[in-house]
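what shape does this take:
(chains A, B and C)
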Amino acid sequence: MNEQIKPVAIPGEIIKTGKEYLPGEWTMRIGDNIIATKYGIIDESGKFLRVIPVSGIYTPRRSDLIVGRITDITFNGWVVDVDAPYSAFLPLAEYPKFISSEELAEYLDIGDLILCQVNKNKRKGVDLTIKGRGLGKLDDGMIIKINPNKVPRVIGKEGSMVSLIKNYTNCEITVGQNGIIWIKGKELKDELSTKKAIEFVVEKSSVNGLTEIMKEYLENGGKK
Amino acid sequence: MADNIYTKRLDGRKMDELRKMSAEVGVIPNADGSATFSFGSTVAIAAVYGPKPLHPQHLQNPKKGIIRCNYDLLSFSVTERKRPGPSRRSQEISRIIEWALEPVLGLDEFPGTVIDVHLMIIQADASTRCAAINAAAIALAHAGVPMKDLVSSVSIGKLDKQLVVDVSKEEEDYHEGEGATDIAMTFMSNSDKVLALQLDGKITPEGLKEAVKLGRKATKEVHNLQVKVLKEYLEKTGGGD
Amino acid sequence: MEISNLTKNRIKEYLNKGTRFDGRELTEFRDISIETGISNKAEGSARVKIGKTEVLAGVKMSISEPYADGPEDGTMMVTVELLPLSSPNYELGPPKFKAIELGRITDRGIRHSGFIDFKKLCIEEGKKVWTIFIDIYSINDNGNLVDASAIAAVAALRDAKIPVINEETGRVKFGEWTEERLPLVMEKNPINITFSKIGNSIIIDPISEEEDSAESRVSVGLITYDKKVMISSIQNGEPTEFGIDELGKIFDKAEEMYLKLGKDVNNKIEEAIKRNNKK
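The predicted structure follows:
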């Protein structure tokens, strides 16, 4: 199979020379040159250049759907590890029903996982909510962790990649923007083959024509 | 003035020839970024963790993230066993490496956080700090830390009156004539900016200017390898697990 | 991110059904790879990978005075360093208990196996003996550092050559080696196998998530003696109650596993040394 690779950007490298080009995300202009400021893939649309990062820690954005782990309980909410540079906070008021401050641990205890949404993005931390359909404590299934920069590839255009995998493995899949993915199947072997399929997408994420490659992979019963 | 007596390098290299270099990206699966870098038999390994929350809070800088380097030698990387754990030497070098890396990092993006850079020397045959810096730069890029440039480091020696690139262990111990001078230098890879300079020995100001020029030229070869392995890694793996 | 309650429960649930989180059998090791001669400054050295877990071990030697209770015995010291490089869970600073215990378990596994003939490490009775330092470093911790450390220690010992002694000073000439290997009793072939207890299940070679879910563990050091499999060291960890029958099953399993794993590891070390000699 001819797997075409996209052009790579290295920090400090000149991506393009010419006054007509415009620097986008993770690039900067020095004189006539557009320079990369992150390791990633060069994306060129017309005169507009940017670098799509391939690695690095998750940085929260408002309304992101993510999976977090409760690490501490305070008098007015829960401290949540979301695998970001800052810890996150779920205020008591963002729990979908009224609970008093004495019974926090009965609803969400240390070590519990939640599917949540970024509510407010502050400079040094984020506030979360679990008010919303499908949000809340994750009780079953399994979770895997992938590089958060690969999330768009795993989801695919309008969720096409995730649907493709779901159809073949009969599992429910929820992809957190922070790279934590929740998988729920009837049997462990289904969950494990979902896990393998997702890892395959991550591995091939910088290759053009990924959907076709993925179809072939799944039709071969998960063999590369 | 007497003639220069160091006319042939002990290992047969040309005066401006580096030892064989090698590097690899993504060698520590647990780390956010990792790499190895070797000059001949000097081998350094680097792991980057973060940016991540920094505790206790009083260590935080509210305006930007901080970088914390930790350089050390494996006990059996040197001929006489080094007791495990940091020494004064390793603590000083750790700080020097921090200073050399910080100017290229986009730490403003992450106030109050820390990026940990752990550096270990597996085999020590001179230029360990240079190898460590080169590995660190690759690992930081691999970790997706915003950087305006890579950083490349090399040691220039003066043996008697002769300038040489990438001093070896035997050359470090050269005692003839004016003896050995070791100059470790670090540059911003794509510009002529010097980020770190350490010298032990004796050299004229004119000679030192020459040495810096020679070092700048040699770090371009280091940089080529750093770029090459980062590109190959992305093409092979998609950039990370 | 640290292990979640969900993952812990899942691991237990599946073990109850006789399957494992990553699809392995309960007593199946991950792939083991061994490389020797990874440091040209050490008397002997090795890199051992078990799955994604990686450790480096190095042997250094020096001449010292023997202990009063063993005037003709060489001495040995084993340390394990859990490098912050190898896991987000390790911090800088003096060794924590986990590292100390790992060093101790590895030390006892070698010391009491009879693998090193300490008598042959005597240079001058009561005055000069060889001291062997075995230093082990974690490079990537994805579980079971304890068994990896023991394999790495044995591989580094087998790779080692005795240094040259400077006749004038009576000290080691650094960086010069004789062709002589260490006095090792090869047929002993020491191996460490650690059993982890999760719920009612006993597994070996846990990955990090399984290690974090385990209530307790038993490390069993095994050797071959007089052509029989013998247990030469044991250490259990964490507060737990083991049934006598349960332990009995572990000992039987340890013997069964040793017969296969011992041979496998032995071959891998031999191949590694051969490859290294060719270089």
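
when you work out contacts or count neighbours from here on, use the C-alpha atoms and nothing else.
Fine.

what about the helix or strand where A:V154 lies and chain B, any contact?
Applying DSSP states H and E as the criterion places A:V154 in helix A:151-155. No: using CA under 8 Å from any CA of the partner chain, helix A:151-155 stays clear of chain B, with a minimum separation of 11.0 Å.

so what does that helix touch, helix or strand wise?
helix A:160-169, strand A:172-175, helix A:188-203 (3 or more CA pairs under 8 Å, 6 or more residues apart in numbering or on different chains; DSSP states H and E).

do the second one and chain C meet?
No: using CA under 8 Å from any CA, strand A:172-175 stays clear of chain C, with a minimum separation of 15.3 Å.

that strand close to chain B?
No: using CA under 8 Å from any CA, strand A:172-175 stays clear of chain B, with a minimum separation of 16.0 Å.

cool, stretch C:136-147 as well?
Yes: with CA under 8 Å from any CA as the criterion, chain B is reached by stretch C:136-147 at C:137, C:139-142.

want to throw those into CSV with pLDDT and distance to chain A?
Shown next, in CSV, are the residues of stretch C:136-147 next to chain B (pLDDT from 0 to 100; distance: CA to the nearest CA, whole Å):
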residue, pLDDT, distance to chain A
C:Y137, 98, 26
C:I139, 98, 21
C:N140, 98, 17
C:D141, 98, 17
C:N142, 97, 14
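
in strands, which of the residues you listed fall?
Members of those lying in strands (criterion: DSSP state E): C:137, C:139-140.

just the buried ones among the residues of stretch C:136-147 next to chain B, please.
Those of the residues of stretch C:136-147 next to chain B that meet the buried threshold are C:137, C:139-142, by 16 or more other CA atoms under 10 Å in any protein chain shown.

wait, which of those is closest to chain B?
For those, the residue nearest chain B by CA to the nearest CA is C:N140; the value is 5.8 Å.

on that earlier part again, need the ones in strands among the residues of stretch C:136-147 next to chain B in TSV (columns: distance to C:F118).
Converted to TSV, those look like this (distance: CA to CA, whole Å):
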residue	distance to C:F118
C:Y137	24
C:I139	30
C:N140	32
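
which positions within the helix or strand of chain B with the lowest mean pLDDT qualify as buried?
In chain B, no helix or strand scores lower on mean pLDDT, DSSP states H and E than helix B:169-172, which sits at a mean of 92. In terms of neighbour count (16+ other CA under 10 Å), helix B:169-172 has its buried residues at B:171-172.

please enumerate the helices of chain B.
In chain B, the segments counted as helices under DSSP state H are B:88-101, B:128-142, B:169-172, B:205-237.

tell me the most buried of these?
Comparing the helices of chain B by mean neighbour count (mean count of other CA atoms under 10 Å in any protein chain shown), helix B:128-142 ranks first with a mean of 29.

quickly name whichever of the residues of stretch C:136-147 next to chain B is closest to C:I11.
Checking those against C:I11 with CA to CA, the nearest one is C:N142 at 15.9 Å.

count of neighbours near C:P239?
Residues within reach of C:P239, counting by other CA atoms under 10 Å in any protein chain shown, total 9.

actually B:T204, sorry about that
Applying other CA under 10 Å, we find 8 residues neighbouring B:T204.

poorly predicted segments of the chain, please.
With no chain named, the answer covers chain A. Judged by pLDDT under 70, chain A has its weakly predicted residues at A:1-5, A:223-224.

my question was about chain B, not that one.
For chain B, the ranges with pLDDT under 70 are B:1-2, B:238-241.

who in it is up against chain C?
Neighbours of chain C within chain B, by CA under 8 Å from any CA: B:28-31, B:41, B:46-49, B:74-81, B:84-85, B:118-119, B:122-124.

among those residues, which are in strands?
Within the residues of chain B next to chain C, residues falling in strands by DSSP E are B:46-49, B:118-119, B:122-123.

and these, which two are furthest apart?
Farthest pair in those, by CA to CA: B:Y49 and B:Q123, 23.0 Å.

neighbours around the residue lying closest to C:K119 once chain neighbours are set aside, how many?
Leaving aside its sequence neighbours, C:K119 sits nearest to C:D73 (CA to CA, 6 or more residues apart in numbering or on different chains; 4.7 Å). The criterion is other CA under 10 Å. On that basis, C:D73 has 25 neighbouring residues.

pretty sure C:D73 sits in a strand.
No: per DSSP: H, G, I helix; E, B strand; the rest coil, C:D73 lies outside any strand segment and is coil.

show the contacting residues for it.
Going by CA atoms under 8 Å, 6 or more residues apart in numbering or on different chains, C:D73 touches C:66-67, C:118-122, C:129.

one step back: filter the residues of chain B next to chain C to the buried ones?
For the residues of chain B next to chain C, a burial check counting by 16+ other CA under 10 Å picks out B:28-31, B:41, B:46-49, B:74-81, B:84-85, B:118-119, B:122-124.

show me which residues of chain A sit near chain B.
Residues of chain A lying near chain B (CA under 8 Å from any CA): A:5, A:8-13, A:26, A:35-40, A:53-57, A:84-87, A:123-124, A:146-147, A:202-207.

so which of those residues are in strands?
Reading strands off the residues of chain A next to chain B with DSSP E, I get A:8-9, A:35-36, A:40, A:53.
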